[in-house]
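Student: Give the three-dimensional model of this entry:
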Amino acid sequence: MLRVVRAGVLLVVAVAASGMAARGQPATYPKPTELPNPYRLVEGWPTLPQNMNGGRWGEVIRVHVARDGNIWVFHRCFNVVPPGSATCINRGEANPPILEFDPSGRLLKSFGAGLFAYPHGFTVDNDGNLWASDVNDSETVLGMSAKNVAGVVMGQEVLKLSADGKVLLTLGKEGVAGNGPDTFDRPTGVAIGANGDIFVSDGHNPNKFNTARIVKFTKDGRFIKTWGRKGSAPGEFDEPHDIFIGGSQSRVYVADRRNNRIQVFDQDGNFIAAWRQFGQPSSVFVGKDDTIYVGASFPDPAAKKGELRGIVIGDARDGSLKAFIPDPSDLDKVVRGTSASGIAADDMGNVFAADVGTQNLRKYVKVR
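Tutor: All right, here's what the predicted structure looks like:
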């Protein structure tokens, strides 16, 4: 009888441990400062022309590496106001929000002026098309009208663009907030599956309908399903800030920012894991080799302003941690906004970080 009881207890413990592992929350993980940093910052990369804001960045929200190795950047038109949510309104043709660089950092192309008020989500699909979201939800910003040349308030939509800037598809209703199958409530990110399915993380904080969800469409924009709601349980979200599909298992990775976790799903929306060891995430990227990169912050009384910022690097299959790149920026100079708000890596393991808070674009190369 005692053996049976012991066996039962062991079984319960094993199931509980298995449940914790499934949710990516084992008891202990190394602190970011205990992890190695095998990366070096590339100074002076990329090269911005002097005729673009005097060669100085404003808020940079996302970065992505295309299949040809070129680096695409989505930024807020070299603007820094309002801090943390700089606007592209009235910035004109001289400040386009979409830029393409070659690997050496030379600017190749720029476009997109007049299409966005508040740039946010961005990715490049396998066919070289660009996908970008606008989270603006205000008719006026800093006293300026957010209406475009057609008289429609910009925002609440996802645009598919060709590599030359032609609008190919629109998801959502421009200027209209909603949480139905054809409307968004501040869409934060977009990811594209191998078959062309479109996944949009929806619900930048704050938003009108208390939205926090993932919306899935076919490659031609037909609604398939939605999952998630505001909350902290598995599969719920509190500001899903970024989304990526990648790795050998083609899973969906969501930066569930205000819940301080990365959530992992299959492409049907079935919950797989919730990982808190990556801190408070603003961005997530997964490479072909199953390396996961997360732009994050951690509370740290020893750090300036009580916050440690950087890029956490781990294994996208089990959530184990490998490395940490500390943010080199001086937080005393940050008014508002996160660092590594967007993140990407190329096939050689070079890491690219887009910064809203410190207003730059960084490249790291692996040195050991």
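
Student: and the spatially closest residue to Asn350 that is not a sequence neighbour, what does it touch?
Tutor: Leaving aside its chain neighbours, Asn350 sits nearest to Val365 (5.3 Å; criterion: CB to CB, 6 or more residues apart in numbering). For the C-beta atoms, the positions are set from N, CA and C on the backbone; glycine is no exception. Val365 is in contact with 39-40, 42, 349-350, counting by CB atoms under 8 Å, 6 or more residues apart in numbering.

Student: Can you say which helix or strand has Val365 in it?
Tutor: strand 360-366 (DSSP states H and E).

Student: burial of Gly231, as a residue count?
Tutor: By other CB atoms under 10 Å, 12 other residues sit near Gly231.

Student: can I assume it is in contact with Pro240?
Tutor: No: the pair Gly231 and Pro240 does not pass the contact test of CB atoms under 8 Å, sitting 11.8 Å apart.

Student: joint contacts of the two?
Tutor: Ala212.

Student: Run through the strands of the stretch 251-368 of the chain in chain order.
Tutor: 251-256, 261-265, 271-275, 280-286, 291-299, 307-315, 321-326, 342-345, 351-355, 360-366 (DSSP state E, counting those that start in this stretch).

Student: does the nearest residue to Val141 once chain neighbours are set aside sit in a helix, a strand or a coil?
Tutor: Using CB to CB, 6+ apart and skipping residues adjacent in sequence, the residue nearest Val141 is Thr87, 4.8 Å away. Secondary structure state of Thr87, per DSSP: H, G, I helix; E, B strand; the rest coil, is coil.

Student: Identify the residues contacting Thr87.
Tutor: Thr87 is in contact with 76-77, 79, 81, 117-118, 136, 141-142, 144, counting by CB under 8 Å, 6+ apart.

Student: Could you single out the nearest of the residues you listed to Arg56?
Tutor: Asn79 (11.1 Å; CB to CB).

Student: Helix or strand with the lowest mean pLDDT in the protein?
Tutor: Within the chain, no helix or strand scores below helix 2-22, which has a mean of 39 by mean pLDDT, DSSP states H and E.

Student: Next secondary structure after it?
Tutor: strand 39-41.

Student: which of the residues in that next one are buried?
Tutor: Tyr39 (16 or more other CB atoms under 10 Å).

Student: and the gap between the residue nearest to Asn350 and Pro103?
Tutor: 11 Å (CB to CB, to the nearest Å).

Student: repeat for Pro38
Tutor: The value you get for Pro38 to Pro103, if CB to CB is used, is 20 Å.

Student: Repeat that for Pro30.
Tutor: Counting by CB to CB, the gap from Pro30 to Pro103 is 32 Å.

Student: With neighbour numbers in mind, choose between these two.
Tutor: Between Pro30 and Pro103, counting by other CB under 10 Å, Pro103 is the more crowded of the two (16 against 13).

Student: looking at this, that one is in a helix?
Tutor: No: according to three-state DSSP, Pro103 belongs to no helix; its state is coil.

Student: need the contact list for the spatially closest residue to it that is not a sequence neighbour.
Tutor: Spatial nearest neighbour of Pro103, excluding adjacent residues (CB to CB, 6+ apart): Gly69 at 5.4 Å. Contacts for Gly69 (CB under 8 Å, 6+ apart) come out as 102-103, 346-347.

Student: Do you know the pLDDT at the residue nearest to Val141?
Tutor: Per-residue pLDDT puts Thr87 at 98.

Student: tally of neighbours for the closest residue to Ile245 other than its chain neighbours?
Tutor: Closest residue to Ile245 apart from its sequence neighbours, by CB to CB, 6+ apart: Ala191 at 4.5 Å. Neighbours of Ala191 under the rule other CB under 10 Å: 25.

Student: Please enumerate residues in contact with the helix or strand containing Ala191?
Tutor: Using DSSP H and E, Ala191 maps to strand 187-192. By CB under 8 Å, 6+ apart, the list of residues contacting strand 187-192 from outside reads 120-123, 125-126, 131-135, 156-158, 171-172, 198-204, 215, 239-245, 252, 255.

Student: No further questions, thank you.
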